[in-house]
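A.B. asks: can't give you the sequence, but here's the structure:
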């Protein structure tokens, strides 16, 4: 029993350290350019040892990837990974509303990374999101470009919406996006 508690407390402590490092890098990104941030800056701000940093991350970009993985998991929740083919249109509206809701909940993180030049991380996430919604397309199919047109538009809409203060509801934004792409299922 005592061993189980120790393992649990080690896992909790490791998660706390990872979160502290991630938050420290995020805070530093609001103060200076990514390239100007050092590992020393991060560990000092996080209040952790250098060994703790390297036990959890290989690079500063690795820290950002962890944050993106969290957003990815939140966005992909509720999308059936076994679905073979496009999501029905009614479910697409719900999925888009969830997407806007998730991005709104991490607004400052998204905008900070965007301003730091990491828009490609969001585009990659949204490409995968679109692929999961519409299924895979044969490489020789012209239809595959529709998926990436959709994900690119959604990425730009999301960022612009957040930059403008997200005045419209996630539901309104989802409906707007559905209306932009009437040819989607």
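C.D. replies: Cool, got the structure. Source: prediction; values computed, not measured. Residues are numbered from 1 along each chain as shown.
A.B. asks: which ones are touching residue 28?
C.D. replies: By CB atoms under 8 Å, 6 or more residues apart in numbering, the contact set of residue 28 is 37, 41-42, 45. (C-beta placed from N, C-alpha, C; glycine too.)
A.B. asks: can you pull out the helices in this protein?
C.D. replies: 2-29, 39-46, 50-56, 60-76, 89-105, 107-115, 119-134, 144-163, 170-180 (DSSP state H).
A.B. asks: before we move on, the earlier item: what about the contacts of residue 28, which one has the most neighbours?
C.D. replies: residue 42 (23 neighbours; other CB atoms under 10 Å).
A.B. asks: surely that residue meets residue 24?
C.D. replies: Yes: look at residue 42 against residue 24 with CB atoms under 8 Å: they come within range, at 5.0 Å.
A.B. asks: and this protein, what are its domains?
C.D. replies: Domain assignment for the chain, taken from automatic domain parsing, gives 2-57, 63-180.
A.B. asks: turn these into a markdown table, including mean pLDDT.
C.D. replies: Shown next, in a markdown table, are the domains of the chain (pLDDT from 0 to 100):
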| stretch | mean pLDDT |
| --- | --- |
| domain 2-57 | 87 |
| domain 63-180 | 87 |
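A.B. asks: list the buried residues of stretch 123-142.
C.D. replies: Under the neighbour-count criterion of 16 or more other CB atoms under 10 Å, stretch 123-142 has 123, 125-127, 129-130, 132-134 buried.
A.B. asks: my error: substitute stretch 110-124 in the last question.
C.D. replies: 110, 112-114, 116, 118, 121-123.
A.B. asks: from the opening residue of that stretch to its closing one, how far?
C.D. replies: End-to-end distance for stretch 110-124, by CA to CA, to the nearest Å: 13 Å.
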